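In: sharing a model that was predicted from the sequence below.
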Amino acid sequence: MDKRTEEILQLGKEMGLDSFPIIFETVERSTMFNVCAYGLPVRARHWSYGRSYDHQKTYGEMGFSKIYEIILNNNPSYAFMLDTNSEVQNLFIAAHCLGHGHVFKNNHMFQKTDRNMIRHAAEHAERVEEYIGRYGFEKVERIMDIGFALDGHTSWSKGLYRKPYPEKSIRKRTRRSGEFDDLIRMDKSPSVIKEMVNNKFPPSPEKDLLWFFINYAPLEDWERDVLDMIREESYYFHPQMMTKIIHEGFASYWHAEIMYHYDGLTPAEYLDFVRTHEKVVQPGSNPFRINPYYLGFMIFRDIERRWDKLEGKGAGKKKIFQVAQEENDISFIQNYLTADLIAELKLFTFGYAEDYPKDHLDEKFIEIKEKIREEVVEAIVKPMYNGGVPKIVITGVGREGMLLLQHESEEFGTLDFRFAEKTLEYIWDLWTAPIELMARDDAGEEQKLCFDEAGFYVRSADEFGDENQEEEEEKVEKKSWRLIIP
Amino acid sequence: MTIDNFKDIWSLKKPGARDSARHKERIREAIKENLHELIAEENIISSSGKKQIKIPIRYLDSWRFKFGSNSKNKGVGHGEGKPGDIIAKEGGRGNGDKAGQNPGDEIYEEEVNIEELIEIMLEDLDLPWLEEKEKSVEIETEETVFQDIAEKGLPANIDKRRTIMENLKRNALKGKMRIGGFDLNDLRYKVWEQVIEKHSNASVILIMDRSGSMTSEKKYIVKSFFWWLVRFLEKKYSKVQLVFIAHDTEAREVEEENFFSIAESGGTMVSSGFKLAKQIVEDRFPISIWNNYVFAFSDGDNWPDDNDKCLEYVKSLMSLCQAVGYGEVQYSDWFYNWSGQANSSDSPLMEDFTKDSELATNERFITASIASREEVYECLKEFLKGVGEKQNG
């Protein structure tokens, strides 16, 4: 590391930034494409990374996008810089990485992440190679396809490491004897009642699908292991998905602050920095997309301005640190994207114009819908809920091991049935017994999406009315089922 | 593993290329599995002259639970304007600014080489009953084959494996087990050769109904059928003679471009197309030298008194051609579909063709019906399966 990089990092620390040690690596472009496509330097192989690799390469080589750096959440953190960056670019990237490093170390979402994931992912890769050798490429790829299809269905509140459900058991309960029992209780009812507990499986609707299958589906050990790796990596990446705007906003805010206060730059270098910085935090030429760097940067700047005004100079920076620690993107946008800022940034929601003349063949018109705060904020955060993944829960296991699923995020939209079909086929591979998914179709009708030996089929609500009744009866029976011991 | 050698891992292992190769393999698989849907893809047919085309590969998307197209999310944008202002339009080709209602909900498109796509799609097809004729003009099929190894050649064609082998051998002679110290004498070059296979002459006459009853959907089906047929013929037989005939009540020979950009008008006399085809065959393609093929497409909505004439001309064509094909796009109006009484029965013309004792027993008269875009591929296979395959059933 050269002298100026050290000075920059030192300056950042003095300004309050606190990260794990950062190891800077200068790499060539092809290595950069690899790290970006995989998210980690070494990861178990899968064709889907090949797809993002191609994407990176195509866009990177055509000059559409340039990745200056990537930093990994690890202790120590690894930051990769492109070997074609200019010296001054590398200085501000070092400052930028320090901002990311601070969020990694301090933001509450990251507190339980695996800080040794670089190594663990490399180990995963090795194990997958071993399984490929032993069980064949196709089998391993298939189970990985399945794992990636389900890895968005995590239960963040329950966490990565969980105990299995409590065992079904019989619990004895002694009836409290009252003073007037001899008077009131004419019958000779027993004083000890035996009750089934944990009779329900799963005890409450289960959102962590991979965890459920890893623990309860009839799988081979190596299959469990592969799914487990995918689940671990998903939990590792989840906080990063949930803090994109905070991350980029905070890092951009701080690289600007640090570079501004650093006195080791020549005027020409400072200009070079300003040019790059402006590219990073520009609103972007596509009016239908908001650059997260820009949005986050502007919100943090606004927070500083407001709190300095409210509580005196210096309070703004303090507040910024607090926000970077406590929020995720959803709460960040909800709490700090103000109506004034929305007006300043000229944000709006858009959608298809409904009452526009239809004489234009196949053309749909897009119009500005709203500019009020509630609408804009909601439109930004809505796709973030549950990581943008429909909430599917396992509600129970029925007769003959039939797995019962329910779609629970209907207020965000209905499921794509074609995709649901293929995903249910994956689940069928794991569970090997029939599956039923309750979900509404586009018309709002409740449907049962089924998958069994016969393949995929959909049954409408009125077709299973009778069965429902049966189930109801069963439930009633269970409730009244008590062992009574005299 | 210690931290020190982490660096080696990521500087040496670059798995991107390997996984990208597997990804491309999956695309090929997906294309094969979904030929029926892809063959009617508009992007492909309207891709005149382009080498690379983008086709939506829905089938290669990573399957997962996701929201459908009616997701209630709105997009967020930035810029000037007030609520109600139209800021963009979607649809129509060449519109770069695709907004998309749902952020993060992209249609997955894959860039594919069109040559490769045609190859995959038309792999097993052949012109049926192709015979050896007098070779005054020849049909040639051209193939590039890697034939030989040479000691001199272009640097781009160096055969690395063989060069290393030579180097190893030379080193071994000196008693050294190693690769290195390359010498000009080690270099080996691949030699490519164009292999030309000569076949018999063939002419293919394509007849398309462009009468008023041909709706845009029907025309689309016919168009895509002929488009693929022409691509196939061009690819496989570099010197096949193509003749394009369009007809309503009258038939005309047209250029390829005009053939594919047809406008509809008037009534229908299918016989006019066969009549012109017969004339053309008699004038230009004597059966002693030529393998002639006539493929006609209509919706069968023919003038009733014309049907007999059709039969007559087709019968006379049979003696002049290797094979005659008649394809029909069935009525499947939105109304019939909607009312649940999809009319999939054949037209009177088709019935006449299939009931005629002479034609029905002649296996070189091929008929096929198409009801939807997805059946184009089946129809192509029907028309172009080799003789051997046809006999096997």
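Out: All right, it came through fine.

In: please make it C-alpha for all contacts and neighbour counts, starting now.
Out: OK.

In: now whichever residue of the stretch 101-250 of chain A sits closest to chain B. Nearest residue, chain neighbours left out?
Out: Nearest residue of the stretch 101-250 of chain A to chain B: A:Ala149, at 4.5 Å (CA to the nearest CA). Excluding the flanking residues, the one nearest A:Ala149 by CA to CA, 6 or more residues apart in numbering or on different chains is B:Arg64, at 4.5 Å.

In: I'd guessed B:Gly325 sits against B:Phe365; true?
Out: Yes. Contact between B:Gly325 and B:Phe365 holds when scored by CA atoms under 8 Å: they sit 5.8 Å apart.

In: hang on, the earlier thing: need the contact list for the residue of the stretch 101-250 of chain A closest to chain B.
Out: Contact analysis of A:Ala149 by CA atoms under 8 Å, 6 or more residues apart in numbering or on different chains lists A:423, B:62-65.

In: just the element for it, please.
Out: Take DSSP states H and E as the rule and A:Ala149 turns out to sit in helix A:137-150.

In: what's downstream of that helix, the next helix or strand?
Out: Remark: after helix A:137-150, the chain's next helix or strand is strand A:169-174, criterion DSSP H and E.

In: what ranges does the stretch 101-250 of chain A have for its strands?
Out: Secondary structure of the stretch 101-250 of chain A (DSSP state E, counting those that start in this stretch): strands at A:169-174, A:192-197.

In: of these, flag the one that's most buried.
Out: Ranked by mean neighbour count, the strands of the stretch 101-250 of chain A are led by strand A:192-197 with a mean of 15 (mean count of other CA atoms under 10 Å in any protein chain shown).

In: what's the neighbour count on A:Phe348?
Out: Neighbourhood size, A:Phe348 [other CA atoms under 10 Å in any protein chain shown]: 30.

In: so who does the residue most central in space within chain B touch?
Out: Closest residue to the average C-alpha location of chain B: B:Trp228 at 3.9 Å, with CA atoms, centre = their mean. With contact set as CA under 8 Å, 6+ apart, B:Trp228 has no partners.

In: per-residue pLDDT, it?
Out: Note for B:Trp228: predicted pLDDT of 83.

In: check which helix or strand covers it.
Out: Using DSSP H and E, B:Trp228 maps to helix B:216-236.

In: what's the answer for A:Ile366, then?
Out: Element membership for A:Ile366 (DSSP H and E) is strand A:364-370.

In: circling back: how close does the residue nearest to the centre of chain B sit to B:Glu217?
Out: Relative to B:Glu217, B:Trp228 is positioned 17 Å away (CA to CA, to the nearest Å).

In: now do A:Trp254
Out: Distance of A:Trp254 to B:Glu217, given as CA to CA: 59 Å.

In: neighbour-wise, which of these two wins?
Out: Remark: of A:Trp254 and B:Glu217, A:Trp254 carries more neighbours, 24 against 14, as counted by other CA under 10 Å.

In: got a list of what that one touches?
Out: Neighbour list for A:Trp254: A:95-96, A:99 [criterion: CA under 8 Å, 6+ apart].

In: thinking again about what came up before, only whichever of the contacts of A:Ala149 are buried, select them in PyMOL.
Out: Buried residues within the contacts of A:Ala149, by 16 or more other CA atoms under 10 Å in any protein chain shown, are selected in PyMOL with:
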select buried, (chain A and resi 423) or (chain B and resi 62+63+64+65)
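
In: narrow the contacts of A:Ala149 to those in helices?
Out: A:Thr423 (DSSP state H).

In: which one among the contacts of A:Ala149 gets closest to A:Gln56?
Out: When the contacts of A:Ala149 are compared for distance to A:Gln56 (CA to CA), B:Ser62 wins out at 18.0 Å.

In: now the nearest residue to the closest one once chain neighbours are set aside: how far from A:Asp54?
Out: Spatial nearest neighbour of B:Ser62, chain neighbours left out: A:Ala149 (6.7 Å); criterion: CA to CA, 6+ apart. The span separating A:Ala149 from A:Asp54 equals 21 Å under the rule CA to CA.

In: next one: A:Asp225
Out: A:Asp225 sits 28 Å away from A:Asp54, going by CA to CA.

In: please apply the same query to A:Pro267.
Out: On the measure of CA to CA, A:Pro267 and A:Asp54 end up 39 Å apart.

In: these two: which is more packed in?
Out: Neighbour comparison, A:Pro267 and A:Asp54: the larger count goes to A:Asp54, with 22 against 10 (by other CA under 10 Å).

In: and that one, that's in a helix?
Out: Yes. Counting by DSSP: H, G, I helix; E, B strand; the rest coil, A:Asp54 falls inside a helix.

In: by mean pLDDT, point me to the weakest helix or strand of chain A.
Out: Lowest by mean pLDDT, DSSP states H and E among the helices and strands of chain A is strand A:483-485, with a mean of 38.

In: so A:Pro41, which of the three states?
Out: Going by three-state DSSP: A:Pro41 is coil.

In: burial measure for it, as a count.
Out: Using other CA under 10 Å, A:Pro41 has 26 neighbouring residues.

In: what's the distance between it and chain B?
Out: With distances taken as CA to the nearest CA, to the nearest Å, A:Pro41 is found 6 Å from chain B.

In: do the same with A:Met438
Out: When distance is defined by CA to the nearest CA, A:Met438 is 13 Å away from chain B.

In: wait, A:Asp228 touches A:Phe212, no?
Out: No. Using CA under 8 Å, A:Asp228 is not in contact with A:Phe212; the gap is 10.8 Å.

In: who has more neighbours, the two?
Out: A:Asp228 (21 against 15).

In: not counting its neighbours along the chain, what's nearest the more buried one?
Out: Spatially, and ignoring its direct neighbours in sequence, A:Asp228 is nearest to A:Ile214 (7.0 Å; CA to CA, 6+ apart).

In: show me the contacts for that neighbour.
Out: If you count contacts by CA under 8 Å, 6+ apart, A:Ile214 has them with A:224, A:227-228.

In: what's the neighbour count on the nearest residue to A:Ile143 once chain neighbours are set aside?
Out: In space, and not counting its chain neighbours, A:Ile143 is closest to A:Glu223: 6.8 Å by CA to CA, 6+ apart. Number of residues near A:Glu223 (other CA under 10 Å) recorded here: 19.

In: does A:Glu223 touch A:Glu141 like I think?
Out: No. Using CA under 8 Å, A:Glu223 makes no contact with A:Glu141, being 10.8 Å away.

In: could you tell me the per-residue confidence at A:Arg185?
Out: pLDDT, A:Arg185: 62.

In: many thanks, I have nothing further to ask.
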